[in-house]
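**Student:** everything below, folded, please.
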Amino acid sequence: MSLSPQPRSLLSPLSQPAVLVGMALLGLGVWSYWPTLQRIVTTWSTNPEYSHGFVVPLFAAYLLYSRREMLAATRPALSWLGPLLLSLAAALRLAGGYGGVDYLDGLSLIAFLFSVAALLGGFSVVRWAWPALLFLVYMIPLPFSLAHALSGSLRSVATYASGFVVQTLGFPVVIEGQTLLMEEHRIAVAEACSGLSMLFVFLALATAVAYLVRRPPLDRAAILVSAVPIAIIANVVRIALTALAYRVAGQKWGDFIFHDLAGWLMMPLALGLMWLVIRLIDFVLVPVADEPEQLNVAGLDVGAAGR
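**Tutor:** Below you'll find the model as predicted:
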């Protein structure tokens, strides 16, 4: 009578003392960072630009689970990396507290999680966990000054680009600051229309796609960089469609497209643009075969050099 092997748990490669230490550290971390976590979740709930934050930890957990085979093959060992990362987390938190910079406090939380991984089993466990832990950066709200500066720049780009699109389509429009003037209609590109939320969402989405696709590093980098122009293009299309709706169909349809329809259409548009980027990469970056194919020229069989 043969017994079927018992399924191994995710943490089975780690020693029991390391797991206990790690669980104790996580418990202390939750207690210590509870105000930070509350502040971050409140921002997700009240600021539409960071509403994607609820999904980020879920995808990070999926990354950890998808790399479980790597953890099973690791050889955990004690390392100086754990105390070093724990010191870095403490330094970031002290700097954030004394300087009043909540973003540093959020970064210290990620550094703390890295230190827990290192204390569990050194470099090998960090290699398993680093993609998921780095992805958590997308859940941390940016400093207000940086977000405000980015929002202003994105508003200016969106205003002039959408005005250019509307003019190219044959409709007269006057650009006044961050407002489009079309006869009796004034379409103001407010801070909520800057596209900053789209930029955050598409950066997180592009990072997830770049990690999940089986591509060379250059292809993945191109996918990640494409998130910025995709976010800008999607926001320009949204504003241009809104302006055209106000001009052609009137106030009712303009309000409907701006407040309801455009928001739903931006994600499919962004996914379509990302698909086009991947197809363009396939067209431009032609893979090189391991062995050159033979070429028949005028009846001669020409192979690799030296044959």
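
**Student:** only C-alpha atoms from now on, for both contacts and neighbour counts.
**Tutor:** Noted.

**Student:** wait, A188 touches E176, no?
**Tutor:** No: A188 sits out of contact with E176 when judged by Cα atoms under 8 Å, with a separation of 9.4 Å.

**Student:** mind listing the strands for the stretch 101-250 of the chain?
**Tutor:** Shown for the stretch 101-250 of the chain, the strands assigned by DSSP state E, counting those that start in this stretch span residues 174-176, 179-182, 185-188.

**Student:** tabulate these in JSON lines, adding columns for mean pLDDT and distance to L86.
**Tutor:** Shown next, in JSON lines, are those (pLDDT from 0 to 100; distance: least, Cα to Cα, whole Å):
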{"stretch": "strand 174-176", "mean pLDDT": "82", "distance to L86": "51"}
{"stretch": "strand 179-182", "mean pLDDT": "80", "distance to L86": "49"}
{"stretch": "strand 185-188", "mean pLDDT": "74", "distance to L86": "47"}
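
**Student:** which of those strands sits most buried?
**Tutor:** strand 179-182 (a mean of 20; mean count of other Cα atoms under 10 Å).

**Student:** gap between the residue positioned nearest the centre of the chain and A231?
**Tutor:** Nearest residue to the geometric centre of the chain (Cα atoms, centre = their mean): A204, 1.5 Å. A204 sits 11 Å away from A231, going by Cα to Cα, to the nearest Å.

**Student:** ok, now R186?
**Tutor:** R186 sits 24 Å away from A231, going by Cα to Cα.

**Student:** again, but for V201
**Tutor:** Distance from V201 to A231, by Cα to Cα: 9 Å.

**Student:** the two: who's more crowded?
**Tutor:** Using other Cα atoms under 10 Å, the more surrounded residue of V201 and A231 is A231, with 25 against 22.

**Student:** pLDDT score for that one?
**Tutor:** The score at A231 is 85. That number is its pLDDT.

**Student:** so it makes contact with L205?
**Tutor:** No: counting by Cα under 8 Å, A231 stays clear of L205, with 10.9 Å between them.

**Student:** pLDDT score for V30?
**Tutor:** At V30, pLDDT is 86.

**Student:** confirm that it sits in a strand.
**Tutor:** No: with DSSP: H, G, I helix; E, B strand; the rest coil as the criterion, V30 is helix rather than part of a strand.

**Student:** can you pull the contacts of it?
**Tutor:** Applying Cα atoms under 8 Å, 6 or more residues apart in numbering to V30 gives no contacts.

**Student:** i'd like the first residue to be 20 from this point on
**Tutor:** In the new numbering, first residue 20, that becomes V49.

**Student:** show me how the chain divides into domains.
**Tutor:** 35-160, 164-303 (automatic domain parsing).

**Student:** lowest-confidence stretch among these?
**Tutor:** domain 164-303 (a mean of 79).

**Student:** distance between the ends of that one?
**Tutor:** 39 Å.

**Student:** correct me, but A148 touches V135?
**Tutor:** No: assessed by Cα under 8 Å, A148 is found out of contact with V135, at 10.3 Å.

**Student:** what about those two, which has more around it?
**Tutor:** Each of A148 and V135 has its neighbours counted (other Cα under 10 Å); V135 has more, 28 against 24.

**Student:** list the contacts of the residue lying closest to M285 once chain neighbours are set aside.
**Tutor:** Once flanking residues are discounted, M285 sits nearest to A253: 5.9 Å by Cα to Cα, 6 or more residues apart in numbering. By Cα under 8 Å, 6+ apart, the residues touching A253 are 285, 288-289.

**Student:** any idea how far P191 is from A253?
**Tutor:** From A253 over to P191 (counting by Cα to Cα), the distance is 22 Å.

**Student:** ditto for L224
**Tutor:** 36 Å.

**Student:** the two: who's more crowded?
**Tutor:** L224 (19 against 14).

**Student:** which residues are contacting stretch 67-77?
**Tutor:** 60, 62-64, 154-155, 157-160, 215-217, 219-220.

**Student:** try 7 Å this time
**Tutor:** Applying Cα atoms under 7 Å, 6 or more residues apart in numbering, the set of residues contacting stretch 67-77 from outside is 62-64, 155, 157-158, 160, 215-216, 220.

**Student:** just checking, which of those belong to helices?
**Tutor:** Among the contacts of stretch 67-77, the ones falling in helices (DSSP state H) are 62-64, 215-216, 220.
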